[in-house]
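In: coordinates for the following, if possible.
(one chain, ligands or ions: 1)
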Amino acid sequence: MATAERRSSATHEVFNQAPPLEDYNPFDADEPLKEALRREGGDWAEDRAQELGAICGSRQTIRWGVEANERKPELRTHDRYGNRIDEVEFDPSWHELMRIGVGNGLHAAPWREPGPGAHVARAALFMLLMQAESGVGCPISMTYSAIPALRKQPELAAEWEERFLSLDYDERSLPAERKSGSLCGMAMTEKQGGSDVRANTTTATPLNGGGPGAEYEIVGHKWFCSAPMCDAFLVLAQTESGISCFLMPRWTPDGERNAFHIQRLKDKLGNRSNASSEVEFRGAWARMVGEEGRGVPTIIEMVNHTRLDCVIGAATGYRAGVVAALNHTAHRAAFGKELIDQPLMRNVLADLCVESEAATVSGMRLARSYDEVAAGDDQALEFRRLANAVLKYWLCKRAPSHAVECLECHGGNGYVEESGMPRLYREAPLASIWEGSGNVQCLDVLRGMVKSPASVDAFFAEVLEGAGAEPKLDAYVSSLRDEIPGDIDTIQTRARRIVEKMAISLQASLLVRYGDPAVADAFCASRLSGDWGHAFGTLPAGTDFSSIIQRHQPQS
Ligand SMILES: Cc1cc2nc3c(=O)[nH]c(=O)nc-3n(C[C@H](O)[C@H](O)[C@H](O)COP(=O)(O)OP(=O)(O)OC[C@H]3O[C@@H](n4cnc5c(N)ncnc54)[C@H](O)[C@@H]3O)c2cc1C
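Out: Prediction:
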């Protein structure tokens, strides 16, 4: 008989079904994450991660994640008397999840408690909540990311920062000064252009002279505006000097609802617990952040951080898929053996684990560069300039294929909503689209190389830290260097290949230095030397499958 307990039903006994993976600690069970947290400077946060892990892996929190997706947010444009209210109603589970995130400072910790390892620690904690439900990651990430942009306008930062850094999650729709905590969103994308925000047609007219910090009236629309129940938004709009950045609160200083009208909510592939909307600004009140005409560089301060969260979010998806696949296959038998002991399934599982560990290790290394930049490290700034876009491209790009393979490990059960795998799968493509889609990331890498050649040196200096330890890595990096820049006429055409190789060489270098030896060997043999197929589950026969699988196995 298979491992799972027998349960009786009227016509048959139920057996050979895996138990749900709940009431386990996703931090405690995650060796690569624990190691990365310590290594990258966040060791002081281990107790917090243990505590949050216990909460996020609990049956209750997992249930909230399910419920928040089952009942999608609903738009209430008007109240019963016909007054415009523009509010979004959520299932109570959404608010519970938000309370966990905000209460644990995932939206604010590095600004509340700056110091060594602050962004690394937050990244690790973020990975824990996102495994329970990733939709809440959107407003939490935007609030965390808005602070550096807001600081471009010190008097606005002085007014708003304390609200955004509060650990109170206050879901009420009220003027921010009457709430115990606030959240911040962003609105850049318009119908005619998202990647190319310079095509924005929304206009900003000064109310009393204009300039940084001054009041403006905004007229126009945004085609995507996620988490529209946030208390304020960083918005791009055109002035006479070009694209500028504004802080637009939901309520005006007079205590009136701002002319921020939610047209409708998007009916999305995934990310269903979170509301994403189309909005119109019909003379909305806002204040300018940063220099007039410098809206893109101002909001890029925010985007730099949301992009880190796309990387961390993708790594979270890999880990969530891996633990689900390992749990299922450890408790499901076919042809006389648990699936996890079938040689071909072991290859699939190990390959998925290798990809997951590479994602965690590289995502956490990227998070460290945020701490180093905050400490004034110029080399880290140059490294981050490329590594951010390189990893955003590659981790997010691989996420859907990884998720679908984890789903398939469950057989038919994986295709059924209750398994949680369809939700994971639907979420997987999103991080690759928002905050700059795949091609845009690759073009950003090229732009970064031209703007600051020192970034290429900084990136490869990090990669070459692993030089000499693995001849396959040395050969791979040397061939990659020959391709940069190569033929300038074809550089954009080749950009995906170059960026992919940059990501793989960085991951290999980190795994060679810090990863489990079996994982590093499998990564280098497959991803660097090409001893691999075109699907997961094609690692070479000599791979140490046992060590890899054992290392990633979740313990209930
Ligand atoms: C669920 C969801 C929530 C979102 N929430 C927000 C939000 O809160 N605020 C906000 O401002 N935006 C939000 N967005 C919008 C998102 O950031 C944009 O969709 C994204 O930046 C792409 O812009 P676009 O949709 O206009 O596509 P386009 O700019 O039209 O791009 C289409 C494709 O062309 C590619 N491309 C573009 N330029 C080039 C080029 N030069 N060379 C080669 N390829 C190119 C892109 O990579 C992309 O694959 C959200 C999107 C989604 C799906």
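In: near the ligand, which residues of this protein?
Out: Near the ligand, the residues belonging to the chain are 185-189, 193-196, 224-226, 268, 271, 276, 430, 433-440, 443 when assessed by Cβ under 6 Å from any ligand atom. All C-beta spots, glycine's among them, are computed from the backbone N, C-alpha and C.
In: what about 8 Å?
Out: Applying Cβ under 8 Å from any ligand atom, we find that the chain lies next to the ligand at 138, 142, 185-190, 193-196, 222-227, 236, 266, 268, 271, 274, 276, 430, 433-441, 443, 492.
In: does Ala68 sit in a helix, a strand or a coil?
Out: With DSSP: H, G, I helix; E, B strand; the rest coil as the basis, Ala68 sits in helix.
In: who touches it in this structure?
Out: 90-91, 93-94, 97, 133, 135-136, 273 (Cβ atoms under 8 Å, 6 or more residues apart in numbering).
In: Glu40: which of the residues you listed is nearest?
Out: Nearest to Glu40 among the contacts of Ala68 is Val136, at 24.1 Å by Cβ to Cβ.
In: list the contacts for Glu96?
Out: 61, 64.
In: for Ala467, that is, sorry about that
Out: 473-474, 477, 509.
In: which residue does the stretch 51-200 of the chain bring closest to the ligand?
Out: Gly194 (2.2 Å; Cβ to the nearest ligand atom).
In: I'd like the average pLDDT over stretch 347-357.
Out: Per-residue pLDDT over stretch 347-357 has a mean of 98.
In: can you check stretch 520-540 too?
Out: So the average pLDDT for stretch 520-540 ends up being 97.
In: using CSV, write out every CA atom in it.
Out: Taking C-alpha atoms only, stretch 520-540 is exported to CSV below (Å, rounded to 0.1, in the frame of the first residue of the first chain):
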residue,chain,number,x,y,z
ALA,A,520,26.5,23.5,-8.3
ASP,A,521,27.8,20.5,-10.2
ALA,A,522,24.4,19.8,-11.8
PHE,A,523,24.0,23.5,-12.7
CYS,A,524,27.4,23.8,-14.3
ALA,A,525,27.1,20.5,-16.2
SER,A,526,23.7,21.3,-17.6
ARG,A,527,23.4,25.1,-17.9
LEU,A,528,27.1,25.9,-18.8
SER,A,529,28.3,22.8,-20.6
GLY,A,530,25.1,22.0,-22.4
ASP,A,531,24.8,18.4,-21.0
TRP,A,532,21.1,19.0,-20.9
GLY,A,533,18.0,18.9,-23.0
HIS,A,534,15.3,21.4,-23.8
ALA,A,535,13.0,20.5,-20.9
PHE,A,536,13.5,20.1,-17.1
GLY,A,537,14.4,16.5,-16.2
THR,A,538,17.3,16.2,-18.5
LEU,A,539,20.3,16.4,-16.1
PRO,A,540,23.2,14.1,-16.9
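In: contacts for that stretch, please.
Out: 344, 347-348, 350-352, 354-355, 358, 401-402, 405, 470, 472-473, 475-476, 504-505, 507-508, 511-512, 515, 543-545, 548.
In: which ones among these are found in helices?
Out: 344, 347-348, 350-352, 354-355, 358, 401-402, 405, 472-473, 475-476, 504-505, 507-508, 511-512, 545, 548 (DSSP state H).
In: among those residues, the buried ones, what's the PyMOL command?
Out: In PyMOL, a selection of the buried entries from the ones in helices among the contacts of stretch 520-540 looks like this (16 or more other Cβ atoms under 10 Å):
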select buried, resi 347+348+350+351+352+354+355+358+402+405+472+473+476+504+505+507+508+511+512+545+548
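In: between the contacts of Ala68, which is nearest Leu125?
Out: Val136 (12.9 Å).
In: ok, now which ones touch that closest one?
Out: Val136 makes contacts with 68, 94, 97-98, 101, 129, 273-274, as judged by Cβ under 8 Å, 6+ apart.
In: torsion angles phi and psi at it?
Out: The phi and psi values for Val136, taken as degrees, to the nearest 10, are phi -70, psi -20.
In: what's the pLDDT at it?
Out: Val136 is assigned a pLDDT of 98 by the prediction.
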